[in-house]
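A.B. asks: what follows is a predicted structure for the sequence shown.
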Amino acid sequence: MKKAYLCTLMKNRFLILAVLVSLLAACRSEFEQVRLSNDPERIQKKAVEYYQDGEYQKALSLIEIIINSFRGRSEFEDLNYMMADSYYHLRDYEMASQYFKNFANGFLNSSRREEADFLSAYCYYLLSPSWRLDQDNTIKAINSLQTFINAYPNSERNTQCNTLMDELRLKLEEKAFQQGILYYNLRQYQAAIYSLDNMLKDFPDTKRPDEVRYYIIKSAFEYAANSVYDKRKERYEEAVERGEEFLKKHRNSDYLREVRDIVAESKTKLKLLENERYQIQSSRNGS
């Protein structure tokens, strides 16, 4: 009796377990069923459906499983493009740029090659941060967009590329300008002069050359004022030279009055230095 009861209990447990397993299998999502099917054709078909429905993470997960199974087949190109585009829509622009570039280099005869090359560069544009942060991706974006223009000189996208590069260069210009201003505010006047001079060389078409030169002149004056006595004369002379050049180049600048004042004060300082040197020389001769 007891043995029969135990056998019945064990059968019931196995039956319950079987039911649970069946329920779990039934509850498993369609995505999981497809993912675990080990059927490349089924997985590829569902990946395309997810991609077309905008479910890019699911599409990407399935493509990664089976893409190598389609190497050498017509679907291989589509799967590679969908992979890059899925990363793009998921805003993983670094990965998207890499996969678009791989696509362009791997499918030289594809009708989507130019688009892939452009999107590879455009991803770096999207990765370009505020001017306050490191500008490595900004530089990569400019270089990539220029490379695209060189590769596709007749592309309709080149106008957009030039617009994007202008925007990126303005960001680099702002970074350079603010770096110079930071040096000035930190009273590192020599570094400010050097930094802002380089900015004018790197961005000769800047729309605020008078503002940049104004800060250079202010830095030159403060650099002279804070120099050791023997260096003041030559550094005030540099401030005067830069100021007078400014007055010739920027006759309508908003900084005209301030620059005139700096030039006048620098000349006054030079006269005082000359008088002091004359007195010192006279006292030595008298002795």
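C.D. replies: Sure, I can see it.

A.B. asks: residues contacting L90?
C.D. replies: Counting by Cβ atoms under 8 Å, 6 or more residues apart in numbering, L90 makes contact with Y56, Q57, L60. Every C-beta, even on glycine, is put in place using the N, C-alpha and C of the backbone.

A.B. asks: what do you get if the cut-off is 7 Å, keeping everything else the same?
C.D. replies: L90 is in contact with Y56, Q57, counting by Cβ atoms under 7 Å, 6 or more residues apart in numbering.

A.B. asks: tell me the spacing between it and E276.
C.D. replies: 71 Å (Cβ to Cβ, to the nearest Å).

A.B. asks: tell me the pLDDT at E276?
C.D. replies: Looking at E276, its pLDDT stands at 79.

A.B. asks: that one sits in which helix or strand?
C.D. replies: Take DSSP states H and E as the rule and E276 turns out to sit in helix 256-286.

A.B. asks: in that helix, what's buried?
C.D. replies: V259, I262, V263, E265, S266, K267, K269, L270 (16 or more other Cβ atoms under 10 Å).

A.B. asks: make CSV out of these and add distance to K140 and pLDDT.
C.D. replies: As requested, the buried residues of helix 256-286 are exported to CSV (distance: Cβ to Cβ, whole Å; pLDDT from 0 to 100):
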residue, distance to K140, pLDDT
V259, 38, 97
I262, 40, 97
V263, 43, 97
E265, 45, 97
S266, 43, 97
K267, 48, 96
K269, 47, 95
L270, 48, 95
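
A.B. asks: the helix holding E276 packs against which elements?
C.D. replies: helix 209-225, helix 229-249 (3 or more Cβ pairs under 7 Å, 6 or more residues apart in numbering; DSSP states H and E).

A.B. asks: that older thread, now the buried residues of helix 256-286 as a markdown table including distance to Y125?
C.D. replies: Supplementary listing: the buried residues of helix 256-286 in a markdown table, determined by distance: Cβ to Cβ, whole Å:
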| residue | distance to Y125 |
| --- | --- |
| V259 | 38 |
| I262 | 41 |
| V263 | 43 |
| E265 | 46 |
| S266 | 45 |
| K267 | 49 |
| K269 | 49 |
| L270 | 50 |
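
A.B. asks: how far does the helix holding E276 sit from the chain's center?
C.D. replies: With Cα atoms, centre = their mean, to the nearest Å as the basis, helix 256-286 stands 48 Å off its chain's centre.

A.B. asks: isn't L200 up against D210?
C.D. replies: No. The criterion here is Cβ atoms under 7 Å, and L200 misses it with D210 at 10.9 Å.

A.B. asks: tell me the first helix or strand C-terminal of the helix or strand hosting C161.
C.D. replies: If you go by DSSP H and E, C161 is part of helix 158-185. Elements were assigned by DSSP H and E; along the chain past helix 158-185, the next helix or strand is helix 189-202.
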